[in-house]
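Asker: Structure for the following, please:
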Amino acid sequence: MSIVVETPRLVLRRLEERDAAFVLNLVNDADWLKFIGDKGVRTLDDARDYLRNGPMAMYAQHGHGLYCVQSKASGEPIGMCGLIKRDTLPDVDLGYAFLPQARGGGHAYEAASATMTYARETLDLQRILAIVSPGNARSIALLEKLGFHFDKSLRLPPKEDQETLLYVAQG
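Answerer: Okay, here's the model as predicted:
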């Protein structure tokens, strides 16, 4: 297990192929589909492909990516949080998603805050972006609590027909 960050309640570690069942569940959650989009992951093989071609490829290329957020109490994965380098954005962006049962208890803030500290102190990233759907009020509130500020609206592939909000945190 490749641990990246620990908090009082959470372990953030690199995602591995053994996380396929968790990923299959998470990327098909109603809120993921509504706010992030359908990744076409329907089977465990699809989930393994998503892991290999997404987070694991990003670790190899950039040294960071989305991490599995694991509860220390249960040892179970409860979400993803990490740093994504997209071709469509000039800087790394913070991404996160949590299973329904892990929402509302401060896990997203705890994981995202630790990820931001890691980004600044370990990776020396001083400007971090975040993208969010306009209707995702909970995510917007979390970004603002983390010190992000609205920058502009934009349209990103593959959903050029939909507005996306860009937030920025500096320093």
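
Asker: Show me which parts of the one helix or strand Val23 maps to are buried, residue by residue.
Answerer: According to DSSP states H and E, Val23 maps onto helix 20-27. For helix 20-27, burial by neighbour count (16 or more other Cβ atoms under 10 Å) applies to Ala20, Phe22, Val23, Leu24, Leu26, Val27. For every residue, glycine as well, the C-beta is placed using N, CA and C.

Asker: For the chain, give me the ranges with low pLDDT.
Answerer: Applying pLDDT under 70 to the chain flags the ranges 158-159, 171.

Asker: Please enumerate the helices of it.
Answerer: Remark: helices assigned in the chain by DSSP state H are 20-27, 30-35, 44-53, 55-62, 107-121, 137-145.

Asker: Export the second one to PDB, keeping only CA atoms.
Answerer: Taking C-alpha atoms only, helix 30-35 is exported to PDB below (Å, rounded to 0.1, in the frame of the first residue of the first chain):
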ATOM      1  CA  ALA A  30     -26.000   9.300  -8.800                       C
ATOM      2  CA  ASP A  31     -24.100  12.400  -7.700                       C
ATOM      3  CA  TRP A  32     -20.900  11.300  -9.600                       C
ATOM      4  CA  LEU A  33     -23.000  10.900 -12.700                       C
ATOM      5  CA  LYS A  34     -24.800  14.200 -12.200                       C
ATOM      6  CA  PHE A  35     -21.900  16.400 -11.300                       C
END
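
Asker: okay, how far is it across stretch 129-148, tip to tip?
Answerer: With Cα to Cα, to the nearest Å as the measure, stretch 129-148 spans 8 Å from end to end.

Asker: which other residues reach that stretch?
Answerer: Outside stretch 129-148, the residues within contact range by Cβ atoms under 8 Å, 6 or more residues apart in numbering are 34-36, 89-96, 103, 108-109, 112-113, 116, 128, 151, 153, 156, 162-169.

Asker: hmm, back to that, nearest to Ile3, of the buried residues of helix 20-27?
Answerer: Taking Cβ to Cβ as the measure, Ile3 sits nearest to Phe22 out of those, at 16.6 Å.

Asker: Report the separation between the closest residue in space to the closest one that isn't next to it in sequence and Glu163.
Answerer: The shortest distance from Phe22 to any non-neighbouring residue, by Cβ to Cβ, 6 or more residues apart in numbering, is to Pro77 (4.3 Å). According to Cβ to Cβ, to the nearest Å, Pro77 and Glu163 sit 31 Å apart.
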